[in-house]
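Visitor: Build me a model:
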Amino acid sequence: MFKFDFKSKKTLSAALFILFTTISSYAQTSFHPVNLQTEYLVNPIGLDVSKPRFSWKMADQRNGAAQTAYQILVATDSAALSNESQVLWNSDWQTSSSSLVTYSGEPLKPFTKYFWRVAIADQQQHKSAASPIASFETGMMVMKNWNGAWISDVSNINLKPAPYFRKTFEEHKKIKSARAYIAAAGLYELYINGEKIGNHRLDPMYTRFDRRTLYVTYDVTANLKDGKNAIGVLLGNGWYNHQSTAVWDFHKANWRNRPAFCLDLRITYEDGTTAIISSGKDWKTSLSPVIFNSIYTAEHYDARLEQTGWNTPDFDDSKWKDVYYRSAPSSNIVAQAMHPIRNVQEIPAVSCTKLDDTTYVFNLGRNISGVSKFTVDGPEGTVIRLKHGERLYKTGHVDLSNIDAHYRPTDNQDPFQTDIVTLNGKGKETFMPHFDYKGFQYVEVTSSKPLHLQKEDLKGEFMHSDVPATGSVSSSNPIIDKIWQATNNSYLSNLFGYPTDCPQREKNGWTGDAQIAIETGLYSFDGITVYEKWMADHRDEQQPNGVLPSIIPTDGWGYEWGNGPDWTSTIAIIPWNIYLFYGDSKLLNDCYPNIKRYVDHINDVYPTGLTTWGLGDWVPVKSKSPVELTSTCYYYADAVILAKAAKILGKEEEFNTYTALAEKIKNAFNAKYLNNETGIYADGVQTELSVPLYWGLVPENMKTKVAANLAHRVAADNFHLDVGLLGQKAILNALSENGYADIAYRVAAQKDFPSWGWWIENGATTLYENWNIGSASDISLNHIMFGEIGAWIYKGLGGIKPDAAKPGFKNVILEPHFVTGLEHFEASHNGPFGEIVSSWKRKGKGVLYTVTIPANSTATVILPQVAAQQVELNGKTIAEKSISLVSGTYEFKWK
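Guide: Next up, the predicted model:
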C-alpha cells in the first residue's frame, strides 16, 4: 500500500512516477516459483533418500512465460538461506528449464531438518524473488540408527484380541522438537497422553514383510508436556498375521507371526541435547477390547473390556504384563514416504429401513471403500452385527453372495464383512473399526435386543490413499460425466498403498487391473508416491529368472497362475507412464534391470517371438480372442518400453538389442495373425483388431485398413462393446486415434447392455467387474479393471496427451475430437508445470475451442478437420493442420 499527501502537481507527478516504476518493477518480477515439493510431498518428514528430488512450478500469467534458469539453496537454518555463503548446498544459477532437480550437495545427515528455496529466471533472463521457504526432514537413513527393540506380547499367532502397549516417562527440560519413528509388523495406532497421533489409517502400508518393512515418522512436539508422559500403541494384524482363511492362503504366509513393533521417540531440547525413548523391556502390555481384527473380513469389539485411560500417564498398569523381544521381520526397514490412507470423506446414510425390532438396513446411496461409524445407546451386553454389502436381496436384507465367493471360513466366528460389537451400556457409544476396511453401500445392523435406530446413527467413512486430485471433466452428456465419476470412485476405492482389484472380495494387488488403470489414475490423481512404493514391491517379489506373481504383494500365491505379460507387464508399463506424466526417469532407472530380466525371460522361454503366457481377454462380452494374440501384444509393448528406457538411460547397445527384439516380435505376430489382403487379424473381433492397433503392432501401411475393419466390426456389433479386460483398454483409443472418434464416443456413451452406461443406468456409482450385471460370478460392484474409459475421456475427447519426446507435459499434445452427439466438453489436468485446459463447445454450426498451456511448457495442437469451415486462432485465420504454441490461453474458432 502507498499513501501520498498530494499538496502540489509536482508532488503528484513524483508520486505517480514512483508508483509507475514500482508497478513496472513488480511486473518484471511478478513471476515466481510455487508448489515446492520434496520427493513429491509438501514439507515431508522422515525421509531416507540420500539425494531427494526437488520440484516446483512457475506462476506466470504471461503468454510465452518460460523458465530459463534456476538456483536452489539448501541449509539447516532457514535464516541462512538469505546468505549464500552460509548454505549447505548452492546449485548456483543453472541454465535450464527443468523444475525437477535432484539434490547434489554434501551428504545429508539423519534426524535433520533442511530448508530450501528456489529462484528462477524467465524468458527475458529476469530473475524472480526467491520462493517461500520449503523444508524436508531426514529420518533414520540407515538401519543402525534405530535404538528401539522389536517387541510383542505373545508368540501365539492364533490369539485373537489385539494387544495394547504402554510406557511412561518424565520430561522437565524445554523441548525444541520431538519425532516418533515407528515400524510395525502388522498395523498400529500410536497415542501420546491419550491422543491418537496423526490422521493416517492402516499404517504402515502393506509390503512383502520379510523383505521390506516400512516405518512412519510423526511430529509429536505439541503432544508432549512437562512432567509425566505416556506412549500407547495398539497393534493390529493387517496382512502380517492373517487369521481369516481364503483361497490365496495368506494364513500360511512364511512371514506370519503375532504383530510386533519398534519405536524411537527422539526428543531434541532447546539446549541442543537429545534423548530417545525407545521400545524395550520397560514397556507393559495387555489385551484390548478389539477382540478380533482382520484386514480381509471385519473387526469385533467388546466395549465391556475397555480400559479407560490406558494410554494416559496416570493409568494403573500394575496388572499389565511384561513384553517380550522379537526379531525384526526383515533386515530392510525403510521410510514410508507417500500419501497415506485416510478417512477422506464422511458420507451420511440416505435412508434407514427398519425390517423388524432388531434389524435395520442403512443405505449410503453410493458404493465406497472404507468403514462405517456407528453410534448407539443400548443395554450392557447387547451384541450388534454390522453386515456390509453392495446389494440387497428382494427381502431388503444385505446380500453378500457376489463378494464372498473366495472366502473359506473354518467356522462361523468370523462372518464376512461383518463387524461385531458388544455394548458396555454406559450411554451413547461410537464404534469405528481400527484395522480393516470393506467395500459396501449397505449396512445391515442386527442386535441381540431391540433398539431404536435412525439414519443419523450410521455414517460411511470413505477410505483410500489420500492422493491429491489433478484432473477434472465436464460435458453436455450426463452419462459421460457419471462414468468419469464412477471410474474415479472405483480407482480411489482400490488404492490402499498399492492398487487393488476390489475393496471387498479380494483386496489383492492384481497386476492386470493396475496396468489397465494407470493412465486413468494419473490423469485424475497425483499417484506417483503410491506407484513408486508399489514398484519397490515388484522388485521385492521378482524371482531371479524374471518371473513376477499376478498379485503384488503376495505370500507366494500367483507365481503359477494369472501372471504373464498381459498382467505382469506392470513392471514396464507403470514406470513408463510415470516417466510420461512426470518427466521423471528415476523409477524407469530403478526398474530397468527388472524389466530387462522380465523381457529376457519371455525371450528365453518363447524364442519365436510369440507367447501364450497369460490369462487373455478376461471377462469378455461374448467373443474370445487367442491368449497368444493379446499376450504377444503386451510382450511387444514391454520390449518397446525396454528399448526406449535403454535409450533414455544411455544404454545404446541395449537399445539396439531390444529394438531388434521388438521388431522380431512384431514380424512374428503379423506373420501369424494378419491377413494382408483383408486387413483382418485372426477372426476380426473387436479385441483382435483393437489391441494390435493400440499397442503399435500394425504395419504403417495397413493401419488405415485395419482401423476401417475395426470400425465396421463395431458397427456390426450395433456400436456396442464386445471386449474383455484387455480389449476395453484398447478399443476406444484404437478408434479415436485412427480416425473414428465419433464411433468411439458412440460406444462410450451407450446406455444399454453391454456398456459402461448400462451400469450407470442401473444405479452404479462405481465400475463393475462384469458387463452382465446379472452374472452369477465375477460380479463385484466396485472394480477398476474396466476403467480405461476414465483416461480415454481426457485423451479421446479433450485430446490431452503427454509427449514422450518432452515428457511430464513439458510439451503437451492437444488433439481434441469434436464428436457428434456432444455439445460441449472440458477437461483439465494439473501436471508438473501447472493446469492444462482443453475446452470446446459448439456455437451454431461452428466450434469454439479454448486451451490453456501452463507457464514453462509448450503445446502441439493437432486441429480437427471440420467440413467446409475455416479455423481462426485468436481472431486470425490459420491454414495449418497442427500448430505449436508457447504457454498461455488461446481461442480457436471453426466457422
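
Visitor: Next, count neighbours for the closest residue to Ala514 other than its chain neighbours.
Guide: Using Cβ to Cβ, 6 or more residues apart in numbering and skipping residues adjacent in sequence, the residue nearest Ala514 is Pro499, 4.1 Å away. Where you see a C-beta, it was placed from the backbone N, CA and C, and this is true even at glycine. Using other Cβ atoms under 10 Å, Pro499 has 28 neighbouring residues.

Visitor: Look up the residues forming beta bridges with Pro499.
Guide: As for beta bridges, Pro499 partners with Leu495 under DSSP bridges.

Visitor: looking at it, it is touching Asn508, isn't it?
Guide: No. Contact between Pro499 and Asn508 fails when scored by Cβ atoms under 8 Å: they sit 10.0 Å apart.

Visitor: Quick one: residues contacting Glu195.
Guide: Asn223 (Cβ atoms under 8 Å, 6 or more residues apart in numbering).

Visitor: who's it bridged to?
Guide: Ile192.

Visitor: and the gap between it and Ile277?
Guide: Counting by Cβ to Cβ, to the nearest Å, the gap from Glu195 to Ile277 is 17 Å.

Visitor: Can you check my assumption that Ile595 lies in a helix?
Guide: Yes. Counting by DSSP: H, G, I helix; E, B strand; the rest coil, Ile595 is located in a helix.

Visitor: and it, how far is that from Lys664?
Guide: From Ile595 over to Lys664 the distance is 17 Å, taken as Cβ to Cβ.

Visitor: And for Phe581?
Guide: 30 Å.

Visitor: Between those two, which is the more surrounded one?
Guide: Set side by side, Phe581 and Lys664 show more neighbours around Phe581, with 25 against 16, by other Cβ under 10 Å.

Visitor: doesn't Gly831 make contact with the more buried one?
Guide: Yes. Using Cβ under 8 Å, Phe581 makes contact with Gly831 at a distance of 7.0 Å.

Visitor: shared neighbours, the two?
Guide: 802, 808-809.

Visitor: Next secondary structure after the lowest-mean-pLDDT helix or strand in the chain?
Guide: Using mean pLDDT, DSSP states H and E, helix 9-29 stands out as the lowest-scoring helix or strand of the chain, at a mean of 42. Downstream of helix 9-29, the next assigned helix or strand under DSSP states H and E is strand 32-38.

Visitor: Only alpha carbons, please: show the helix or strand just after that following strand as CSV.
Guide: Remark: after strand 32-38, the chain's next helix or strand is strand 53-59, criterion DSSP H and E. The C-alpha coordinates for strand 53-59 follow below in CSV (Å, rounded to 0.1, in the frame of the first residue of the first chain):
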residue,chain,number,x,y,z
ARG,A,53,14.2,-34.6,-5.6
PHE,A,54,13.0,-31.0,-5.6
SER,A,55,10.2,-29.8,-7.8
TRP,A,56,8.2,-26.6,-8.3
LYS,A,57,6.0,-24.8,-10.7
MET,A,58,6.3,-21.4,-12.4
ALA,A,59,3.5,-19.0,-11.6
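
Visitor: so is the closest residue to Ala303 other than its chain neighbours in a helix, a strand, or just coil?
Guide: Leaving aside its sequence neighbours, Ala303 sits nearest to Asn424 (Cβ to Cβ, 6+ apart; 3.9 Å). Counting by three-state DSSP, the backbone at Asn424 sits in coil.

Visitor: Test my guess that Asn424 contacts Glu306.
Guide: Yes. Assessed by Cβ under 8 Å, Asn424 is found in contact with Glu306 at 6.5 Å.

Visitor: Between these two, point out the one with more neighbours.
Guide: Taking neighbours as other Cβ under 10 Å, Asn424 and Glu306 compare with Asn424 leading, 18 against 14.

Visitor: mind listing what the more buried one touches?
Guide: With contact taken as Cβ under 8 Å, 6+ apart, Asn424 is in contact with 303-304, 306, 380.

Visitor: Most neighbours among those residues, which one is it?
Guide: Top of the contacts of Asn424 by neighbour count (other Cβ under 10 Å): Ala303, with 17 neighbours.

Visitor: and that residue, backbone torsions?
Guide: Here is the backbone geometry of Ala303 (degrees, to the nearest 10): phi -70, psi -20.

Visitor: Okay, now the unreliable bits of this protein?
Guide: Across the chain, the ranges flagged by pLDDT under 70 are 1-29.

Visitor: do you know how far the spatially most central residue of it is from Ala764?
Guide: In the chain, the residue lying closest to the centroid (Cα atoms, centre = their mean) is Gly527, at 3.9 Å. Noted for Gly527: a distance of 23 Å to Ala764, by Cβ to Cβ.

Visitor: Just give me the neighbour total for Gln124.
Guide: Neighbourhood size, Gln124 [other Cβ under 10 Å]: 12.

Visitor: start to end distance for stretch 767-786?
Guide: 7 Å (Cα to Cα, to the nearest Å).

Visitor: From the chain's centroid, how far away is it?
Guide: 22 Å (Cα atoms, centre = their mean, to the nearest Å).

Visitor: And it, what's buried?
Guide: 767-771, 773, 778-786 (16 or more other Cβ atoms under 10 Å).

Visitor: Which parts of the stretch 401-550 of the chain are strands?
Guide: 418-422, 429-431, 438-447, 458-465, 471-475 (DSSP state E, counting those that start in this stretch).

Visitor: that older thread, quick one: which two of the buried residues of stretch 767-786 are the most distant?
Guide: Ile773 and Ile784 (16.9 Å; Cβ to Cβ).

Visitor: so what's the residue lying closest to Gln454 once chain neighbours are set aside up against?
Guide: Nearest residue to Gln454 in three dimensions, chain neighbours excluded: Cys352, at 5.9 Å (Cβ to Cβ, 6+ apart). Residues in contact with Cys352 (Cβ under 8 Å, 6+ apart) are 360-363, 453-455, 457-458.

Visitor: Just the buried residues from these, in PyMOL please.
Guide: Buried members of these, defined by 16+ other Cβ under 10 Å, are picked up in PyMOL with:
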select buried, resi 360+361+362+363+453+457+458
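
Visitor: what's the burial count for Gly427?
Guide: Neighbours around Gly427, by other Cβ under 10 Å: 8.

Visitor: Against Ala867, how distant is the residue nearest to it when sequence neighbours are not counted?
Guide: Leaving aside its chain neighbours, Gly427 sits nearest to Asp377 (6.0 Å; criterion: Cβ to Cβ, 6+ apart). Separation of Asp377 from Ala867 (Cβ to Cβ): 69 Å.

Visitor: Stretch 551-566: how far from the chain's middle?
Guide: Worked out by Cα atoms, centre = their mean, stretch 551-566 lies 21 Å from the chain centre.
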